[in-house]
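A.B. asks: A structural model of the following input is requested.
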Amino acid sequence: MAKITLGNFIVKKRKNMKLSSRQLALACEVTPAYMNDIEKSKRIPSSEVLTRIAMKLKLDEKEVYQLFDLAVDDNKGKVSYDIAEYIMNNDELRQCIRYVIKIKDNSIWKKMLNEINQEGQL
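C.D. replies: Prediction:
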């Protein structure tokens, strides 16, 4: 089974909406050549372009997260734009992350996720 890439994810969603690559490019305010490079996984778009693509393709929340995560996969494992931006704008969160890294105990995150799940937030 072939690994899904950012490019083929976008192509599949675009075709489902019966849009050409050129139409998507123009709607997202990028050149058709740039969109072609994105679809062929030759370039990783900025957070702003990813957001415009998500909006034009009418992706649901889960698909938006997948879009951003695929951009990370294609970008050699860098942190997803949406997550990085949130972390960098939150001093307390950065302190928590560094603490967990220091003590090497991921069970803290699992406990937090369980609490969130119990509250029905995820």
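A.B. asks: Only C-alpha atoms from now on, for both contacts and neighbour counts.
C.D. replies: Noted.
A.B. asks: From the chain's centroid, how far away is the helix or strand harbouring Glu85?
C.D. replies: If you go by DSSP states H and E, Glu85 is part of helix 81-88. In terms of CA atoms, centre = their mean, to the nearest Å, the centre of helix 81-88 is set 11 Å apart from its chain centre.
A.B. asks: Could you do stretch 98-117 as well?
C.D. replies: Distance of stretch 98-117 from its chain centroid, counting by CA atoms, centre = their mean, is 22 Å.
A.B. asks: Just checking, which helix or strand of this protein averages the lowest pLDDT?
C.D. replies: helix 81-88 (a mean of 81; mean pLDDT, DSSP states H and E).
A.B. asks: Report all helices and strands that it contacts.
C.D. replies: For helix 81-88, the contact count by 3 or more CA pairs under 8 Å, 6 or more residues apart in numbering; DSSP states H and E identifies helix 91-103 as packing neighbours.
A.B. asks: List the contacts of Ala54.
C.D. replies: Ala54 makes contacts with Val64, Leu67, as judged by CA atoms under 8 Å, 6 or more residues apart in numbering.
A.B. asks: can you pull the buried residues of the least confident helix or strand of the chain?
C.D. replies: By neighbour count on 16 or more other CA atoms under 10 Å, the buried set for helix 81-88 is Tyr81.
A.B. asks: returning to that earlier point: keeping just the C-alphas, turn the helix holding Glu85 into PDB.
C.D. replies: Taking C-alpha atoms only, helix 81-88 is exported to PDB below (Å, rounded to 0.1, in the frame of the first residue of the first chain):
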ATOM      1  CA  TYR A  81       2.700  24.800  11.700                       C
ATOM      2  CA  ASP A  82      -0.500  24.900  13.700                       C
ATOM      3  CA  ILE A  83       1.100  23.100  16.700                       C
ATOM      4  CA  ALA A  84       4.300  25.100  16.600                       C
ATOM      5  CA  GLU A  85       2.500  28.400  16.500                       C
ATOM      6  CA  TYR A  86       0.400  27.500  19.400                       C
ATOM      7  CA  ILE A  87       3.300  26.200  21.500                       C
ATOM      8  CA  MET A  88       5.400  29.300  20.700                       C
END
